[in-house]
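Novice: Need coordinates for the following:
(one chain, ligands or ions: 2)
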Amino acid sequence: MSDRRSAQWYGGDDRNSYIHRAWMRRGLPADAFDGRPHIAIANTASDLTPCNAHLDEVGRSVADGIHRAGGIALNLPVVSIGETQVRPTAMLWRNMAAMAIEEMLRANPIDGVVLLGGCDKTIPALLMAASSVDLPAVVVPGGPMLTGTFRGVPLGCGTDVWKLSEEVRAGTLSADEFQRSESSMIRSRGHCNTMGTASTMGLLAEVLGMTLPGIAGTPAPDSRLLEAAHATGVLAVDLVEQDRRPSAVMTRASFHNAIVALAALGGSTNAVVHLLAIAGRLGVPLTQDDFDRIGAGVPLLADLQPAGRFLMEDLYRAGGLHAVLAEVQDLLDPAAVSVVGEPFVSVLDAARVYDREVIRPRADPLQMEAGIAVLHGNLAPDGALVKPAAATPALLQHRGPAVVFDSVEDLKERLDDPALEVTADSVLVLRGCGPKGYPGMPEVSNMPLPAKLLAEGVRDMVRICDGRMSGTAYGTVVLHVAPEAAAGGPLAKVRTGDMIVLDLENRRLDVDLPADEWAAREPSAEAARAYAAPARGWEKLYVDTVGQADTGADQSFLLGASGDKVSRESH
Ligand code: FES
Ligand code: MG
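Specialist: Ligands and ions are numbered 1, 2, ... in the order given. Here you go, the predicted structure:
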């Protein structure tokens, strides 16, 4: 009997192996069970995840590659999450998807898996699942959509929605034209083409070593994606032969490289929680402070929206991920390997930059320091993030009175009230938006500015929140405050009028009050009334067991790995 994992199901001639084989016979010949690798294609294609809708076609190329290399390809549709469709926020379902995918990979007779993802939460969920099962695994990132143009000008997903809707309010764009711009913006299959979370996580999947080198960032409709998908199928069979598992690929060195890449690309703050969650499954020691330490001093080199001008198709044309990383190769850890078994950095020597507007030289970066800063203080004992590259430099050293909102609804109700006491120096505080409070930690931290200040020409203010923000957003936003208000964090104690001090230089976020007075302050009962209190189902399990942002917001019982063993047989 073969020592393959799938042979535990198919090997032998007893009643159970008969049952496992017989039901799989439809389409599979007898020699499918002779010990060749059975490889699942974990596929997040779904009509309700439009960014991933093309993955069935990608999966067919993967399957062709698996068959060509002598394996058996098995399509495994898995939980899919459409960022723009699901409520209340896609993040609420990331861990559920990861849990369901993990269990199905473990429960089934497979020897390895190809992971097909794209839209924001799908690649993180797939990598978390694969890490906990630790079967040989490789990712095919679904790729960004093509650049859409409207009135002769490129449109970036997300980022430009806000600009166009402002034009409608200003009367320079008709409602009819606004509607027609929809299919110009979302022009093709694929995920958002700005440097949002999907682009970030697709590229970081490669930097972590988990893809065929060179595939990440290939536009979704590009024939080269199908060619690379085919090659990934071939590679998956080899991965099983070599028994190369995620735990051998995603090491501390890989995460170091991912943090450098995140900064050089100007990637999404969401990558922090996703990378922490993946590391938590693997048992790789990674802390939020590592992002500040490793990312500090890394220049921003990719001129992509929302920080810059171009879109993902431009990055690919300009030389892609490898060309960006070749500029900062000295900052990368050469010990990291990829799924092909070579040092990750070995592919960078061949990289070329074809457009210096899109990929800037190290000596002339878009910004000198693009890393994510991690703040601590009496407002954020376990940390909070700020992305200086997206902020107004003058506001990063700031002292101002708090204007506190207890929920997103409270914010919507009062923000534009002309009677709201707020100035450009005020610090907007929004709580109840963490993993437990909302629930699911929505992307609301970049809260809008009060209408009366906008009318005065104010374009940015310090904002503080225990939620996340979209990878396509901008502003002086302190986010991922931990612990969140609903988990007993001090954010729940802040009152309107308290003086708040943001001190980026010293990485501090504090309320300026005597220590004894602050310690004695009770959390707001008003705020607590807005926190989520689900009675049953996933939401209840989620709220009861979810961790905080600084450790990746994973469920406590999902940290770590259970491996690929299923010991008992029954029907
Ligand atoms: Fe799917 Fe942006 S909505 S990637
Ligand atoms: Mg999002």
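
Novice: from the stretch 201-350 of the chain, which residue is nearest to ligand 2?
Specialist: N270 (6.9 Å; CB to the ion). In short, each C-beta sits where N, CA and C put it, glycine included.

Novice: Please list all residues in contact with that residue.
Specialist: 120, 197, 200-201, 443, 468, 471 (CB atoms under 8 Å, 6 or more residues apart in numbering).

Novice: quick one: which of those is nearest to A264?
Specialist: When the contacts of N270 are compared for distance to A264 (CB to CB), T200 wins out at 11.5 Å.

Novice: For stretch 4-18, give the mean pLDDT please.
Specialist: The predicted model gives stretch 4-18 an average pLDDT of 94.

Novice: and what of stretch 54-73?
Specialist: Stretch 54-73 shows a mean pLDDT of 98.

Novice: repeat for stretch 21-29
Specialist: 93.

Novice: and stretch 198-217, anywhere near ligand 1?
Specialist: Yes - counting by CB under 6 Å from any ligand atom, ligand 1 has neighbours in stretch 198-217: A198.

Novice: Next, the distance between the ends of that stretch.
Specialist: Start-to-end span of stretch 198-217 (CA to CA, to the nearest Å) is 10 Å.

Novice: re the thing from before, which non-adjacent residue is nearest the residue of the stretch 201-350 of the chain closest to ligand 2?
Specialist: Nearest-residue entry for N270: T197, 4.3 Å, with adjacent residues in sequence omitted and distances by CB to CB, 6 or more residues apart in numbering.

Novice: what about that neighbour, neighbour count?
Specialist: 30 (other CB atoms under 10 Å).

Novice: quick one: contacts for it?
Specialist: Contacts for T197 were tallied using CB under 8 Å, 6+ apart; they are 83, 120, 268, 270-271, 274, 470-471.

Novice: Which SSE is immediately downstream of the least confident helix or strand in the chain by mean pLDDT?
Specialist: Lowest on mean pLDDT, DSSP states H and E among the helices and strands of the chain sits helix 159-170, with a mean of 80. Using DSSP states H and E, the helix or strand that follows helix 159-170 in sequence is helix 175-180.

Novice: Show me what that following helix is in contact with.
Specialist: 164-165, 167-168.

Novice: Please apply the same query to stretch 82-96.
Specialist: For stretch 82-96, using CB under 8 Å, 6+ apart, the contacting residues are 46, 48-52, 79, 81, 119-121, 124-125, 128, 197-198, 277, 435, 438-443, 468, 538-539, 542, 546, 553-555, 558.

Novice: mean confidence score for that stretch?
Specialist: Stretch 82-96 shows a mean pLDDT of 97.

Novice: gap between it and the chain center?
Specialist: The chain centroid and the centroid of stretch 82-96 are separated by 12 Å, computed with CA atoms, centre = their mean, to the nearest Å.

Novice: next one: stretch 120-136
Specialist: Computed by CA atoms, centre = their mean, the chain-centroid distance of stretch 120-136 equals 12 Å.

Novice: Kindly report the same for stretch 409-420.
Specialist: Between the centre of stretch 409-420 and the centre of its chain there are 31 Å (CA atoms, centre = their mean).

Novice: ok, now stretch 174-186?
Specialist: Mean-position distance between stretch 174-186 and its chain equals 28 Å (CA atoms, centre = their mean).

Novice: ok, now stretch 561-571?
Specialist: Chain-centre distance of stretch 561-571: 30 Å, with CA atoms, centre = their mean.

Novice: and that stretch, which residues are buried?
Specialist: Counting neighbours by 16 or more other CB atoms under 10 Å, one finds that the buried residues in stretch 561-571 are 561, 564.

Novice: Show me which residues of the chain sit near ligand 2.
Specialist: Applying CB under 5 Å from the ion, we find that the chain lies next to ligand 2 at 83, 443, 470.

Novice: for stretch 334-344, what is the average pLDDT?
Specialist: Here the average pLDDT along stretch 334-344 is 98.

Novice: Enumerate the positions of that stretch that are buried.
Specialist: 336-340, 343-344.

Novice: Can I get it in PDB, CA atoms only?
Specialist: Output of stretch 334-344 as PDB, limited to C-alpha atoms (Å, rounded to 0.1, in the frame of the first residue of the first chain):
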ATOM      1  CA  PRO A 334      17.800  35.400   2.100                       C
ATOM      2  CA  ALA A 335      17.000  32.400   4.200                       C
ATOM      3  CA  ALA A 336      13.300  32.400   3.100                       C
ATOM      4  CA  VAL A 337      12.400  29.700   0.500                       C
ATOM      5  CA  SER A 338       9.400  29.400  -1.800                       C
ATOM      6  CA  VAL A 339       7.300  26.400  -2.800                       C
ATOM      7  CA  VAL A 340       9.700  25.600  -5.600                       C
ATOM      8  CA  GLY A 341      12.300  24.900  -3.000                       C
ATOM      9  CA  GLU A 342      14.600  27.800  -3.900                       C
ATOM     10  CA  PRO A 343      15.500  30.900  -1.900                       C
ATOM     11  CA  PHE A 344      12.800  33.400  -2.500                       C
END
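
Novice: what does that stretch rub up against?
Specialist: Under the criterion CB under 8 Å, 6+ apart, residues 138, 206-207, 209-213, 235, 239, 242, 244, 248-249, 251, 253-254, 256-257, 332, 345, 347 lie in contact with stretch 334-344.

Novice: Report the buried members of those.
Specialist: 138, 206-207, 209-213, 235, 239, 244, 249, 251, 253-254, 256-257, 332, 345, 347.

Novice: can you give me the offset of the helix or strand V374 falls within from its chain's centre?
Specialist: If you go by DSSP H and E, V374 is part of strand 373-377. Distance of strand 373-377 from the chain centroid (CA atoms, centre = their mean) equals 21 Å.

Novice: can you check stretch 485-493 too?
Specialist: 25 Å.

Novice: end to end, how far does it reach?
Specialist: End-to-end distance for stretch 485-493, by CA to CA: 8 Å.

Novice: Only the buried residues of it, if you could.
Specialist: Buried residues in stretch 485-493 (16+ other CB under 10 Å): 485-487, 489-493.

Novice: just to revisit the earlier point, tabulate the residues of the chain next to ligand 2 (JSON lines), appending secondary structure and neighbour count.
Specialist: Listed next are the residues of the chain next to ligand 2 as JSON lines, based on DSSP: H, G, I helix; E, B strand; the rest coil; neighbours: other CB atoms under 10 Å:
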{"residue": "E83", "secondary structure": "coil", "neighbour count": "24"}
{"residue": "E443", "secondary structure": "strand", "neighbour count": "24"}
{"residue": "S470", "secondary structure": "coil", "neighbour count": "23"}
